[in-house]
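Trainee: the following block contains a protein sequence and its predicted model.
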Amino acid sequence: MTRPFKTLDDMGDVAGKRVLVREDLNVPMAGGAVADDTRLRATLATVGELADRGAIVLVLAHFGRPKAPGPEFSLALVTKAYEQVLGRSVRFVDWGSAEAAIAMLSPGDIALLENTRFFPGEEKNDPQVVERFASLGELYVNDAFSAAHRAHASTEGLAHLLPAFAGRAMEAELDALAKALGSPEHPVAAVVGGAKVSSKLDVLRHLVAKVDHLIIGGGMANTFLAARGVNVGKSLCEHDLAPVADEIMAAAERAGCTVHLPYDVVVATEFRSDPPTRTVNVHEVAADEMILDVGPAAVEALGDVLKNCRTLVWNGPLGAFETTPFDRATVALARIAGALTVDGGLVSVAGGGDTVAALNHAGVADQFTFVSTAGGAFLEWMEGRELPGVAALTR
């Protein structure tokens, strides 16, 4: 396939060349140790390949949100875990001695540079910081899609000063996104869930013009139901956004997009694990009840919708999936999507923190075509926004 960006395949001979590789190593910590190494593992393909090809690999990453440099925000905390994941030695390099330390490296060596955010100008894309970073390398690889929605020195600025390429994780992400919404095979369905319509207004507005079926779940669905005159009881609902919900429904109708709202729901009078519940038609929700999940009849109908689609984009759960039994609809529909993908009938792309957790909970994350761990970047892509870090690679 022809891509609008260059990949590691286009780099030529990199033996002995200093390659700056932007990765996302912003991992969660507990008791001074890495609590989840998913992001470290995501860098394996790019960093390992470049080292095997004889490059001097200089990994750039941010860590936390430091107001000033401090040991609690040092990537030195991550170095040992990173060595274990890579199965190779990693040299930690402080900014104060960066030039001298890099000069000592040999082809195939990997160095992890200190937190890029220790420079106040990193997040402002300060030209002086960009030049400082660029002076250390000869080539630039951006492998951090999850940071691509930020125009920072290490995510965007560097691509203007050095020959720029997409790493393997970035390449996989951009290929998957192109298949999902760039030039997808129709019919296309999108599942959009989550608590609030207000957090995903731009996503919904963008999707109605792009997809054939828009499936709305979570607390968001309550706002749409209320806008249509349904009494949603004590459910989480943004009643003041009823006019916006109506506007999105009208835009969908003009675009020929079918919006699917639940017609049966699971309700309870209290929000906790395993309370007494009822499954009712949306018009039968009592004044003291909360809608906490989509009902089984609606899930079955949504499964039939997916069976007739060729592409699926998923962001957000259908119900309060962290709390049983309100995980049932999300799990059931995710399993249908996973099975359709495995059978070869569906290209399925999912993203966002809650979504990844929900698909893992359903045991089908590995059945989807692609699951993005990016949060903000995935959401901005679903809004149709240009991501600065990606745009810089496609010049």
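Mentor: Perfect, thanks for sending it. Numbers count the residues shown, from 1 in each chain.
Trainee: when you work out contacts or count neighbours from here on, use the C-alpha atoms and nothing else.
Mentor: OK.
Trainee: got the contact list for Pro325?
Mentor: Counting by Cα atoms under 8 Å, 6 or more residues apart in numbering, Pro325 touches 273-274.
Trainee: quick one, phi psi at it?
Mentor: phi -90, psi 20 (degrees, to the nearest 10).
Trainee: do you know the pLDDT at it?
Mentor: Looking at Pro325, its pLDDT is 97.
Trainee: distance check, it against Ala151.
Mentor: Distance of Pro325 to Ala151, computed by Cα to Cα, to the nearest Å: 42 Å.
Trainee: same question for Phe370.
Mentor: From Phe370 to Ala151 the distance is 25 Å (Cα to Cα).
Trainee: same check on Asp24?
Mentor: 15 Å.
Trainee: neighbour count winner among those two?
Mentor: Legend: neighbour count by other Cα atoms under 10 Å for Asp24 and Ala151, higher for Asp24 (23 against 20).
Trainee: would you map the helices across this structure?
Mentor: When assigned using DSSP state H, the helices of the chain occupy the ranges 38-41, 44-52, 76-86, 98-103, 127-134, 168-177, 201-207, 218-227, 242-255, 296-307, 328-342, 353-362, 376-382, 388-391.
Trainee: do you know which of those lies nearest Met290?
Mentor: helix 218-227 (9.7 Å; Cα to Cα).
Trainee: show me how far that closest one is from its chain's centre.
Mentor: 24 Å (Cα atoms, centre = their mean, to the nearest Å).
Trainee: and it with helix 242-255, angle?
Mentor: 90 degrees (axes from the mean of the first three to the mean of the last three Cα atoms, to 10 degrees).
Trainee: elements contacting helix 218-227?
Mentor: In terms of contacts (3 or more Cα pairs under 8 Å, 6 or more residues apart in numbering; DSSP states H and E), helix 218-227 is packed against helix 242-255, strand 290-294.
Trainee: switch the ones you listed over to JSON lines; also include distance to Leu306, mean neighbour count and mean pLDDT.
Mentor: Converted to JSON lines, those look like this (distance: least, Cα to Cα, whole Å; neighbours: other Cα atoms under 10 Å; pLDDT from 0 to 100):
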{"stretch": "helix 242-255", "distance to Leu306": "18", "mean neighbour count": "17", "mean pLDDT": "96"}
{"stretch": "strand 290-294", "distance to Leu306": "16", "mean neighbour count": "28", "mean pLDDT": "97"}
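Trainee: where does the stretch 251-395 of the chain have low pLDDT?
Mentor: Filtered on pLDDT under 70, the stretch 251-395 of the chain yields the residue ranges 395.
Trainee: disregarding flanking residues, what is the spatial nearest neighbour of Asp10?
Mentor: Ranked by Cα to Cα, 6 or more residues apart in numbering and with sequence neighbours excluded, the top spatial neighbour of Asp10 is Phe165, at 7.9 Å.
Trainee: ditto for Thr38
Mentor: Excluding the flanking residues, the one nearest Thr38 by Cα to Cα, 6+ apart is Val27, at 8.0 Å.
Trainee: what pLDDT is listed against the one you found?
Mentor: With respect to pLDDT, Val27 scores 91.
Trainee: likewise for the one 10 residues further on?
Mentor: Residue-level confidence at Asp37 comes out at 89, pLDDT.
Trainee: give me the nearest residue to it, chain neighbours excluded.
Mentor: Val27 is the one closest to Asp37 (Cα to Cα, 6+ apart), at 6.7 Å.
Trainee: can you check Arg150 too?
Mentor: Pro388 (6.3 Å).
Trainee: what is the neighbour count of the one you found?
Mentor: For Pro388, using other Cα under 10 Å, the count is 18.
Trainee: Ala153 is in contact with that one, correct?
Mentor: No - under the criterion of Cα atoms under 8 Å, Pro388 is not in contact with Ala153, lying 11.0 Å apart.
Trainee: how does the protein divide up, domain by domain?
Mentor: Here the domain assignment for the chain is 8-171+389-394, 184-363, based on automatic domain parsing.
Trainee: can you say which of those is nearest to Phe378?
Mentor: Closest approach to Phe378 among the domains of the chain (Cα to Cα): domain 184-363, 6.2 Å.
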